[in-house]
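**Q** I would like the atomic coordinates for the input below:
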Amino acid sequence: MEQQSAKITPDRLARRAALYVRQSSIRQIYENQESTLRQYALKQKAVALGWPEEMIDTIDEDLGVSGASTSGRTGFKKLISEVSQENVGIVISIEASRLSRNSSDWSNLLEICRLTQTLILDEDGLYDPSDFNDRMLLGLKGTMSEAELHYLHARMKGGLDNKARRGELKIPIPIGYVYDDCDQLVKDPDENIQAVIQLIFDTYARLHSCQATLRELKQTGILFPKKDRTGYNRHTLQWRELTHVHILRMIHNPIYAGTYQFGLRKHHKTLTGYRVIKQDKSKCVAYIEDHHEAYVTKEQYQRNQQHLEEHRLLKDMSNPERATAVRQGCALLQGIAYCGKCGRRMGVRYTTYRARGTMISRPAYWCVEEKIQTASTACQRVASGTAIDQAIGDILISMVTPLAMASVIQVQDELVKRNQEIDTLRRKDIIRCKKEMETAQLRFLNTDPSHTLVAKRLEADWNEKIRIYESRLSTYENEKASAMDMVSQETRDNLIALASDFSALWQNPDVSNEEKKRMIRFLVEAVLITQYEEHIHLTIRFKAGTTKELDIPRGKRSYETWLTPPEALTFIEDNLSRHKTATEIAEILNEHELKSGKGLPYTRSLVNSIIRTNNLKTLEERFTEMGYVPQREIQALTGLTGKNLKKLRDKGIVRNYKMSSHMKFWYLLTDFDSHLPS
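**A** Purely as a prediction, here's the structure:
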């Protein structure tokens, strides 16, 4: 007691006392009222220590706020401000955890109290932060408070995780599911909700595009069921306009595939707040397949995720208006070719060369956007543009057949049936709106006329329900008149006959490249090109929403296209062995209609270039190995003149060979042994 009296100095008594009261949640305030009363009762301890009651300020703005951080704690910030200005002589709290459960905030408070000579009082005693022993004890209490919060969170999270592993933890569920009386996850008993959810999944499975699904369902006037989790209308079913986000969330959510998932996302605290990290499903706390009744199969769900990943890569492919206009040039995929590595649109480059007097253009698809923007290397350079265009043309020819057209007609019939199902949903929606209108009418008619304000509000609600019903009924009648009909037999025959002529139309040389491009764009939305070491992978997205994948051999590289064909190289080697000159070999190659790597005829200089490039033995080297030497060397060794050599050559005394018309003769050296000096 004497030690406490020594800490309470007149200077500290001259300042005010601050009683800090806090509970972590609103629920604790209502359920743990005894703890709140104990905190307020500490005011009497301050009075007993010498502070007048009017000098004690109660700071209770943080009731219902967690002490894990200073975020949202206006009372704690007010306390720090008052202590910093030396307006407070003592801080009163039932325990350290009420002031803070964070070591950094607690240490900051202790340091400010030490510098301003402010005491701290709790149920256990009175402490002076400027005293080392008291400060060490307070620091230990703050650490224990933070550890206590950690253990509380760990126990709570452990319980949640354990319950989730059994699939029994109630998690937020999307529209289309509810929890029954036994807390089991089941489909919503409302058949209208089930029908709309199933229709969205069936439409996406057919179109493979959220935007295309949205466009089709918007045209049919389908509304989306919604239950708000908060607010005035929480848990009340409402029918709202369908949006792209609704469809995207449904396709992503594995609950619709009968899978219970918990712990997919982790929250990490950073300097700027909390960061959410999405993990792989293998790292989830719980991932239970076949947990409840599904709207789609697991296989269909995986296919949907694959389509979404493709759309992420081809982020602007789903908008056909963004394709460039049809232009001149032989590249048939100009404007609809996309890079399989980065997803950007690929440009077109043409290589022009002359063959047999005709100028020929060869297309190539380049992805150079990254190179242009960052001065780095090009993403892809696909030189096999001709092979790609040919493959696309073959696919179109194989698709547009009488059998395929019959399938299209069958799809049309299925669309008619689907339209009938949608019509059933519309009629149910009309019936629902009519019931709401009649209910609003009864409410208004049963109202006491003396309650003017209530009657006016109910009348306005009745008028709104009438407007909605008449609007939906009018829209339904207009769209029903334009509904699709079954394809007649005459139309079927005409379509099949047209499909039989498509192959001849495509291969007709009079059909320009521009017309072929328009035909491709009528059927194909985009082509994703990925070039590998030995092949090129094509992902073709059709307007109907289907996707086809194809691998074609990678064309020759630029230097490989100029290489001499193997048969011509063998031909040159054989004729060199027969002592044929370059001119003679070129003539023989042309007679056999063999072409060079560039498709050009052979000449003497080209043959000599091929011999040097492929390290073949030249004719001079071959004759040198047989003992022949040029005429100039014979003249130098023997001293004979050109006329003397001609006489010997004409008489057949010496063996000789002339390499070409512009070269002198070569002679066998052994025939001049008698003329060589001894």
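
**Q** What segments of the stretch 451-600 of the chain are helices?
**A** 452-481, 489-500, 502-507, 513-523, 558-561, 566-577, 582-591 (DSSP state H, counting those that start in this stretch).

**Q** unless I'm mixing things up, residue 441 is touching residue 464, no?
**A** No. The pair residue 441 / residue 464 is not scored as a contact, 11.9 Å apart, by C-beta atoms under 8 Å. To be clear about C-beta, it is placed using only N, CA and C from the backbone, and glycine gets the same treatment.

**Q** ok, these two, which is more surrounded?
**A** residue 441 (16 against 13; other C-beta atoms under 10 Å).

**Q** so for stretch 447-457, what's the average pLDDT?
**A** What stretch 447-457 shows for mean pLDDT is 74.

**Q** repeat for stretch 510-528
**A** Stretch 510-528 comes out at a mean pLDDT of 79.

**Q** From one end of that stretch to the other, what's the distance?
**A** Criterion C-alpha to C-alpha, to the nearest Å; first-to-last residue distance in stretch 510-528 is 29 Å.

**Q** again, but for stretch 68-88
**A** 24 Å.

**Q** Just the buried residues of that stretch, please?
**A** Of all the residues in stretch 68-88, those buried under the rule 16 or more other C-beta atoms under 10 Å are 68, 70, 73, 75-76, 78-80, 82-83, 88.

**Q** hmm, who's touching it?
**A** 15-18, 20, 22, 57, 59-62, 65, 67, 91, 99-102, 105, 108-109, 112-113, 116, 118, 149 (C-beta atoms under 8 Å, 6 or more residues apart in numbering).

**Q** Now which of these would you call buried?
**A** Buried subset of the contacts of stretch 68-88 (neighbour count, 16+ other C-beta under 10 Å): 15-18, 20, 22, 57, 59, 61-62, 65, 67, 91, 99-102, 105, 109, 112-113, 116, 118, 149.

**Q** how about low-confidence regions in the stretch 451-600 of the chain?
**A** Counting by pLDDT under 70, the ranges of the stretch 451-600 of the chain that qualify are 478-505, 544-545, 555-562.

**Q** Count the neighbours of residue 399 for me.
**A** By other C-beta under 10 Å, 18 other residues sit near residue 399.

**Q** any idea of the pLDDT on it?
**A** So, for residue 399, pLDDT stands at 73.

**Q** ok now do it, which residues does it touch?
**A** Per C-beta under 8 Å, 6+ apart, neighbours of residue 399: residue 523.

**Q** and it, how far is that from residue 307?
**A** Plainly put, residue 399 is 20 Å away from residue 307 if you go by C-beta to C-beta, to the nearest Å.

**Q** tell me the domain boundaries of the protein?
**A** Partitioning the chain according to automatic domain parsing yields domains covering residues 2-162, 177-313, 323-400+529-553, 402-492, 562-616, 624-675.

**Q** out of the ones you listed, which comes closest to residue 521?
**A** Proximity to residue 521 (C-beta to C-beta) singles out domain 323-400+529-553 among these, at 6.5 Å.

**Q** so what pLDDT did the spatially closest residue to residue 301 that is not a sequence neighbour get?
**A** Leaving aside its chain neighbours, residue 301 sits nearest to residue 257 (3.7 Å; criterion: C-beta to C-beta, 6 or more residues apart in numbering). Listed pLDDT for residue 257 reads 90.

**Q** Residue 257 against residue 294, yeah?
**A** Yes. If you go by C-beta under 8 Å, residue 257 and residue 294 touch, sitting 5.2 Å apart.

**Q** Show me which of these two is the more surrounded one.
**A** The neighbour comparison of residue 257 against residue 294 (other C-beta under 10 Å) goes to residue 257, with 22 against 19.

**Q** Quick check: that one vs residue 395, distance?
**A** 32 Å.

**Q** do residue 305 as well
**A** 26 Å.

**Q** Which of the three states applies to residue 91?
**A** Judged by DSSP: H, G, I helix; E, B strand; the rest coil, the three-state class of residue 91 is strand.

**Q** What's opposite it in the beta bridge?
**A** When assigned by DSSP bridges, residue 91 has beta-bridge partners residue 18, residue 120.

**Q** How about residue 588, nearest residue that isn't a chain neighbour?
**A** residue 575 is the one closest to residue 588 (C-beta to C-beta, 6+ apart), at 6.3 Å.

**Q** What is the burial count for the one you found?
**A** If you count neighbours by other C-beta under 10 Å, residue 575 ends up with 19.

**Q** What are the neighbouring residues in contact with it?
**A** With C-beta under 8 Å, 6+ apart, residue 575 has these contacts: 584-585, 588.

**Q** Out of those residues, which end up buried?
**A** Taking 16+ other C-beta under 10 Å as the criterion, what is buried in the contacts of residue 575 is 585, 588.

**Q** between the contacts of residue 575, which is closest to residue 11?
**A** Checking the contacts of residue 575 against residue 11 with C-beta to C-beta, the nearest one is residue 585 at 114.9 Å.

**Q** who's more crowded, residue 305 and residue 395?
**A** With neighbours defined as other C-beta under 10 Å, residue 305 and residue 395 compare such that residue 395 has more, 17 against 14.

**Q** any idea whether the more buried one is helix, strand or coil?
**A** Per three-state DSSP, residue 395 ends up helix.

**Q** Might you report the residue contacts of it?
**A** 540, 548, 550.

**Q** that older thread, closest one to residue 390 out of the buried residues of stretch 68-88, please.
**A** residue 68 (65.6 Å).

**Q** give me the number of residues near the closest residue to residue 24 other than its chain neighbours?
**A** Spatial nearest neighbour of residue 24, excluding adjacent residues (C-beta to C-beta, 6+ apart): residue 66 at 5.1 Å. Neighbour count of residue 66, defined by other C-beta under 10 Å: 15.

**Q** Which helix or strand contains residue 66?
**A** In the assignment (DSSP states H and E), residue 66 maps to no helix and no strand.
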